[in-house]
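[1] Provided below are the primary sequence and the corresponding predicted coordinates.
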Amino acid sequence: MSAVPLRRGRRAVMVSMVCAGTMVATLGLAGCGGDAPPDPDQGTNGVGKLSATEIQNKTRLAAERAAAVRLSGTVRVKGQGYHLDMRLSDRGGTGSVRSKGGTIRLLRIGEELYLKADSSFWTHGSKGSETTPEKAASDRAAAEKLDGKYVKVPDGDPSYQQLSGFADMDLLLDGLITLHGTLEKGERGAAGGIKTIRLTGDQGAGGTLDVSLEGTPYPLRLVRAGGAGTISLSDWNRDVPLKKPAPSEVVDYGRKLPAS
């Protein structure tokens, strides 16, 4: 076994130490000064940087200025549950409202309100224990005449105010886009593939509202306080075609609708 010269041995050790030191330094630099975390607001409309109150103000203003929107989901009003699918504009609205009494289609053009329902909707209120066979038969006959027809809702009928509210964009949005309690900014997420920032009232107990981080900061999803429903808001500013039904398609009762 031949001996390694001392000088040569020391040189090899020094080279190894220099190489190791260089590697450690390089790794250290990569760990401390590498790529910075991505900016969550890059490519957004910037509202994520604002306070919760500022975001709420901007999203309410955006909704007020919009010309149209689609609302779909569930709401509870005075203990009654409804499933909505309404397309609304500043000229009126059209869509469906479903409740335990059945499904009705609403059409509102200006102040004129029409509803369309099948015969079961018009007869569901005539099934009580006090209903006589003769009255039930009369109600069915009347309901069959309304099946598939638009019924013009008189503005003096008690149901006009409630039904027209489902087809009134300003009134419906004003009543829905409201959070209760202390307002806070929550997590970022997505709704319908669109980046969002969440607002919460009383940490969610007062409702939550997801606001778009892309383009105009429209509200996109609302969970109402107290389990009062969840609503998706979409198709902002998309045209809503509204056409008055032909006279042959309409039944006008004048002052009051038939009992339903």
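    Here it is on my side, so go on.

[2] So, low pLDDT: which residues of the stretch 101-250 of the chain?
    By pLDDT under 70, the low-scoring segments of the stretch 101-250 of the chain are 123-145.

[3] For the residue most central in space within the chain, what are phi and psi?
    The centroid of the chain falls nearest to Ser232 when counting by CA atoms, centre = their mean (1.9 Å). Backbone torsions of Ser232, given as degrees, to the nearest 10, read phi -100, psi 140.

[4] list the contacts for it?
    71-73, 191-192, 220-221 (CB atoms under 8 Å, 6 or more residues apart in numbering). (Each C-beta comes from the backbone N, C-alpha and C, glycine too.)

[5] Now, of those, which are buried?
    Taking 16 or more other CB atoms under 10 Å as the criterion, what is buried in the contacts of Ser232 is 71-73, 191, 220-221.

[6] Can you get me a residue count around Leu163?
    By the criterion of other CB atoms under 10 Å, Leu163 has 20 neighbours.

[7] May I ask you to confirm that it belongs to a helix?
    Yes - counting by DSSP: H, G, I helix; E, B strand; the rest coil, Leu163 is part of a helix.

[8] ok so, going back, which one of the buried ones among the contacts of Ser232 sits closest to Ala167?
    Distance to Ala167 across the buried ones among the contacts of Ser232 (CB to CB) is lowest for Leu71, with 10.4 Å.

[9] still on that earlier bit, need the max-distance pair from the buried ones among the contacts of Ser232.
    Taking CB to CB, no two of the buried ones among the contacts of Ser232 sit farther apart than Leu71 and Ala191, at 13.6 Å.

[10] all strands of the stretch 101-250 of the chain, in order?
    102-109, 112-117, 150-152, 183-191, 194-201, 208-212, 219-223, 230-234, 250-252 (DSSP state E, counting those that start in this stretch).

[11] Can you say which of those strands is nearest to Pro241?
    The closest of these to Pro241 is strand 102-109. By CB to CB, the value is 10.9 Å.

[12] Show me which parts of that closest one are buried, residue by residue.
    Buried-residue list, strand 102-109, by 16+ other CB under 10 Å: 102, 104, 106-109.

[13] Give me the angle between it and strand 112-117.
    160 degrees (axes from the mean of the first three to the mean of the last three CA atoms, to 10 degrees).

[14] And strand 102-109, what does it pack against?
    For strand 102-109, the packing partners by 3 or more CB pairs under 8 Å, 6 or more residues apart in numbering; DSSP states H and E come out as strand 92-99, strand 112-117, helix 119-123, helix 158-166.

[15] Given the first one, what are its sheet partners and their directions?
    Under the criterion DSSP bridges, strand 92-99 sits next to strand 80-89 (antiparallel), strand 102-109 (antiparallel) in its sheet.

[16] a markdown table please, covering those strands and showing distance to Thr182.
    Shown next, in a markdown table, are the strands paired with strand 92-99 (distance: least, CB to CB, whole Å):
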| stretch | distance to Thr182 |
| --- | --- |
| strand 80-89 | 28 |
| strand 102-109 | 36 |
